[in-house]
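> Give me a model of this one.
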Amino acid sequence: MTPENETPRDDEVSALARLRESLPDLVGLAGFGLLARGLWVGFGEAVSLSVCGVILMGLAAYAIIRGGS
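Residues are numbered from 1 along each chain as shown. Reported below is the predicted structural model:
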């Protein structure tokens, strides 16, 4: 058990290692933002929101089916 005055640590992983592990998610987030911006400029607000909404709903459904987190 951890004493009350000491904060519990997960597994002593450095911040750089955590950043490296989450890099694909960050790249995907930036790419999704660029996709939304490009669609907005090229086709307008309605198309951009529709396409990005469908992508997000598809990813959510995939995560539910997969039992993901």
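> Next secondary structure after the helix-or-strand element of the chain with minimal mean pLDDT?
Within the chain, no helix or strand scores below helix 15-21, which has a mean of 85 by mean pLDDT, DSSP states H and E. For helix 15-21, the following helix or strand on the C-terminal side (DSSP states H and E) is helix 23-43.
> what's the next helix-or-strand element following that next one packed up against?
Next helix or strand after helix 23-43 toward the C-terminus (DSSP H and E): helix 45-66. If contacts are counted by 3 or more C-beta pairs under 8 Å, 6 or more residues apart in numbering; DSSP states H and E, helix 45-66 sits against helix 23-43. (Each C-beta comes from the backbone N, C-alpha and C, glycine too.)
> could you give the angle of the helix it packs on to helix 45-66?
150 degrees (axes from the mean of the first three to the mean of the last three C-alpha atoms, to 10 degrees).
> what about dumping the CA coordinates of helix 23-43 to CSV?
The C-alpha trace of helix 23-43 is given here as CSV (Å, rounded to 0.1, in the frame of the first residue of the first chain):
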residue,chain,number,x,y,z
LEU,A,23,2.4,9.4,-31.4
PRO,A,24,0.2,7.5,-33.8
ASP,A,25,-2.9,8.9,-32.1
LEU,A,26,-1.5,12.5,-32.3
VAL,A,27,-0.7,12.1,-36.0
GLY,A,28,-4.2,10.7,-36.6
LEU,A,29,-5.7,13.6,-34.8
ALA,A,30,-3.7,16.2,-36.8
GLY,A,31,-4.6,14.4,-40.0
PHE,A,32,-8.3,14.4,-39.2
GLY,A,33,-8.1,18.1,-38.5
LEU,A,34,-6.4,18.7,-41.8
LEU,A,35,-9.1,16.6,-43.6
ALA,A,36,-11.8,18.6,-41.9
ARG,A,37,-10.2,21.9,-42.8
GLY,A,38,-9.6,20.8,-46.4
LEU,A,39,-13.2,19.6,-46.8
TRP,A,40,-14.5,22.9,-45.3
VAL,A,41,-12.5,25.0,-47.7
GLY,A,42,-13.2,22.9,-50.7
PHE,A,43,-16.8,21.9,-50.3
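> Thanks a lot, catch you later.
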